[in-house]
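> Structure of the sequence below:
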Amino acid sequence: MIDYKKGICEDMKLFIFEWIIKHPAEGKGIKYVRNLNKEELIKACLFIEGKITKEVLMEEVIIPKQEYFRKSAQQRALKKKGYASAASSDDEADEDKEDAEDAEDAEASENDEE
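Numbering: from 1, shown residues only. Next up is the predicted model:
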């Protein structure tokens, strides 16, 4: 068995891409290879070697990545629509309130010194 822990991520990614190209039916559904971290790349290589099943690979690596990127896309879409501006205005209001409280505290401390 190859020790993938010593491998370079870019080499593992190229290996996985080449394998998917040569085995399109078996590699169907394996996505986001360029965004996988080293641990996830190792699991993909173990799948290629036949050490783990495709169900395990999909459950532990691919589906969580899909969910992550789906949520990221939704957040970007909400920001584009302007929902982020409403949230940021709420944050700005909170910051203004904190600044006003800090100013009042500073005035109170100045009056105490006099």
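> ranges for the strands of this structure?
Using DSSP state E, no strands are found in the chain.
> domain assignment for this structure?
1-81, 82-114 (automatic domain parsing).
> between these, which gets the lowest average pLDDT?
Mean pLDDT values for the domains of the chain show the minimum at domain 82-114, a mean of 48.
> Just to check, L41 is in contact with M12?
Yes - L41 lies in contact with M12 (CB atoms under 8 Å); the separation is 4.4 Å. For every residue, glycine as well, the C-beta is placed using N, CA and C.
> Near W19, how many residues? Count them for me, please.
Neighbour count for W19, taken as other CB atoms under 10 Å: 17.
> Just confirm it contacts G27, I think it does.
Yes - contact criterion CB under 8 Å: W19 and G27 qualify, at 6.5 Å.
> my guess is Y32 contacts F69, does it?
Yes - counting by CB under 8 Å, Y32 does reach F69; the two are 7.0 Å apart.
> CA atoms only: put stretch 20-32 into PDB for me.
C-alpha atoms of stretch 20-32 as PDB (Å, rounded to 0.1, in the frame of the first residue of the first chain):
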ATOM      1  CA  ILE A  20     -11.600   9.800 -13.200                       C
ATOM      2  CA  ILE A  21     -10.800  10.400 -16.900                       C
ATOM      3  CA  LYS A  22      -9.800   6.800 -17.500                       C
ATOM      4  CA  HIS A  23     -12.800   5.400 -15.500                       C
ATOM      5  CA  PRO A  24     -15.700   7.800 -16.100                       C
ATOM      6  CA  ALA A  25     -18.400   5.300 -14.900                       C
ATOM      7  CA  GLU A  26     -16.800   4.500 -11.600                       C
ATOM      8  CA  GLY A  27     -15.700   8.200 -11.100                       C
ATOM      9  CA  LYS A  28     -19.100   9.600 -11.700                       C
ATOM     10  CA  GLY A  29     -20.100  11.800  -8.800                       C
ATOM     11  CA  ILE A  30     -16.600  12.500  -7.500                       C
ATOM     12  CA  LYS A  31     -16.500  16.200  -7.600                       C
ATOM     13  CA  TYR A  32     -14.600  19.100  -6.000                       C
END
